[in-house]
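1. Here's a sequence, model it:
(one chain, ligands or ions: 1)
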Amino acid sequence: MPITQLDDSRILVELDAHGAANSVVVHRTGATVVSWRSAGKERLFLSKTAVLDGSKAIRGGIPLVFPQFGKASDPNHPYASFPQHGFARTVRWWPDEPIQDDAEAVQVQLHITEHDLNDDQRRLFPYAFRLSYVVRLARDAQQDGHSQLTTELVVWNGEKSLNDGGHAFDYQALLHTYFRVPDVANARVVGLAGQSYVDKVAVHEGGMSTRVESAASLQITGETDRVYQDVGLGHALQLHTGDATRVDVQREGGADVVVWNPGEDKAAAMADLHPAAQHEFLCVEVGHVRDYRSLPPGQTEKLAQTLTIRPDTDQKL
Ligand SMILES: O=P(O)(O)OC[C@H]1O[C@@H](O)[C@H](O)[C@@H](O)[C@@H]1O
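-> Numbers count the residues shown, from 1 in each chain. Coordinates of the predicted model:
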């Protein structure tokens, strides 16, 4: 069976009839993709101490950030009381009927609506809405035995029209992907040169906040928390993982790119990261986080990424 309910919370999606060389596991907490295997190799990081009982966001995989990135900097913002990164990553999502299941691709979809929020969340986000999330595992047409992973978030404002007293709502959204790397010191992010970014580490240290990326190939040497703004969608974004492969990140609808690794001290303070875990991952996250997007009643917007594994022909970057 290409789609298997492993338990109450986890859905296994397999592309191959025999064995799990190409597979994905989706957890109903936050619709978090917690595993992606391509050609038999795990590509996502999941902390050994991640909390999986729904009491907090899952540390690893691809958590979904919505409707708020981080904490609102303005204490008067209507979302100021939301916990960091909003509610989507902690709510329990509902699986829909599988949409596609053939030799080329397997696809599952999950959703939440306003009915899945608790009273506090609904007070802060008092709108009719639906978030649909499609997770699609497809055969890689160019590389035998590999798979491509697409994750696609569709945001729908289900309010009546503005004429009927409906409301537009503001949102930020982010696909917060934790890529597994053998050693983050050997990982490189390519495709951000010339882009302006907010350095959140420098902001915390009271330094200059907006900078322009000068590195053709960004190397991680310690705590890194950068929000690259308005990175053109045609811009190729690559993560060179340091193990003879790279991951190409193709984006749809997400102009901002966050690069995050907590570094040693912050990682040590995070109970849901196992010791020295900061060496094992790099987050490259795509979405809308610079400003809020305003979604009128009755409208939908899409945020998607497609991840493809390629041989790394330039390992000396
Ligand atoms: O610990 P959390 O809430 O999962 O956030 C992890 C990181 O997520 C990143 O997206 C942010 O830029 C960081 O500032 C943040 O520390």
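2. Validate this expectation: Q278 resides in a strand.
-> No - assignment of Q278 by DSSP: H, G, I helix; E, B strand; the rest coil gives helix, placing it outside any strand.
3. measure the residue in the stretch 151-300 of the chain that the ligand sits nearest to to L307 for me?
-> With CB to the nearest ligand atom, the shortest gap between the stretch 151-300 of the chain and the ligand falls at W260, namely 4.2 Å. (Glycine included, C-beta is placed from N, CA and C.) Per CB to CB, to the nearest Å, W260 is found 17 Å from L307.
4. Show me which of those two is the more surrounded one.
-> For the pair W260 and L307, the greater number of neighbours falls to L307 (23 against 20), based on other CB atoms under 10 Å.
5. Was I right to think the more buried one contacts S147?
-> No - using CB atoms under 8 Å, L307 is not in contact with S147; the gap is 9.3 Å.
6. intersection of neighbour lists for the two?
-> Counting by CB atoms under 8 Å, 6 or more residues apart in numbering, the shared contacts of L307 and S147 are W36.
7. Enumerate every residue touching the residue lying closest to D101 once chain neighbours are set aside.
-> Of all residues not flanking D101 in the chain, P2 sits nearest, at 5.5 Å (CB to CB, 6 or more residues apart in numbering). Applying CB under 8 Å, 6+ apart, one finds that P2 lies in contact with 13-15, 17, 101, 106.
8. what does this protein have sitting close to the ligand?
-> Contact residues, the chain versus the ligand (CB under 6 Å from any ligand atom): 57, 70, 84-85, 176, 200, 225, 258, 260, 285.
9. Among these, which are located in strands?
-> Among the residues of the chain next to the ligand, DSSP state E puts 176, 225, 258, 260, 285 in strands.
10. neighbours of the first one, just the number please.
-> Same thing as H176. 24.
11. quick one: which of the contacts of P2 is most hemmed in?
-> Highest neighbour count within the contacts of P2: V13, with 27 neighbours (other CB under 10 Å).
12. what helix or strand does that residue sit in?
-> strand 10-14 (DSSP states H and E).
13. What pairs with the helix or strand just after that strand, parallel or antiparallel?
-> Tracing the chain C-terminally past strand 10-14 and defining elements by DSSP H and E, one meets strand 23-27 next. Strand pairing for strand 23-27, using DSSP bridges, gives strand 10-14 (antiparallel), strand 32-38 (antiparallel).
14. Going along the chain, name the helices of this protein.
-> 119-124, 200-204, 263-268 (DSSP state H).
15. May I see those organised as CSV, with mean pLDDT added?
-> Shown next, in CSV, are the helices of the chain (pLDDT from 0 to 100):
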stretch, mean pLDDT
helix 119-124, 96
helix 200-204, 85
helix 263-268, 98
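16. Show the model's pLDDT score for the residue in the stretch 51-200 of the chain positioned nearest to the ligand.
-> Here the stretch 51-200 of the chain gets closest to the ligand at one residue, Q84, 4.2 Å apart by CB to the nearest ligand atom. Looking at Q84, its pLDDT reads 96.
17. phi, psi of it?
-> Dihedral angles of Q84 (phi, psi; degrees, to the nearest 10) stand at phi -50, psi 130.
18. buried ones in stretch 67-87?
-> For stretch 67-87, the neighbour count (16 or more other CB atoms under 10 Å) marks 67-70, 72, 79, 82, 85-87 as buried.
19. Likewise for stretch 129-141?
-> For stretch 129-141, burial by neighbour count (16+ other CB under 10 Å) applies to 129-140.
20. what's the closest of those to T221?
-> Of all the buried residues of stretch 129-141, the one with the least separation from T221 (CB to CB) is D140, at 32.1 Å.
21. Wait, that closest one touches P311, no?
-> No - D140 lies out of contact with P311 (CB under 8 Å); the separation is 11.9 Å.
22. ends of stretch 189-197, how far apart?
-> One end of stretch 189-197 to the other measures 14 Å (CA to CA, to the nearest Å).
23. just stretch 47-66 next, same as before
-> End to end - CA to CA - stretch 47-66 spans 22 Å.
24. so how far is it off the chain centroid?
-> Distance of stretch 47-66 from its chain centroid, counting by CA atoms, centre = their mean, to the nearest Å, is 11 Å.
25. and for stretch 112-127, what are the contacting residues?
-> Here stretch 112-127 makes contact (CB under 8 Å, 6+ apart) with 31, 67, 78-79, 81-82, 87-88, 91-94, 128-131, 157-159, 167, 169.
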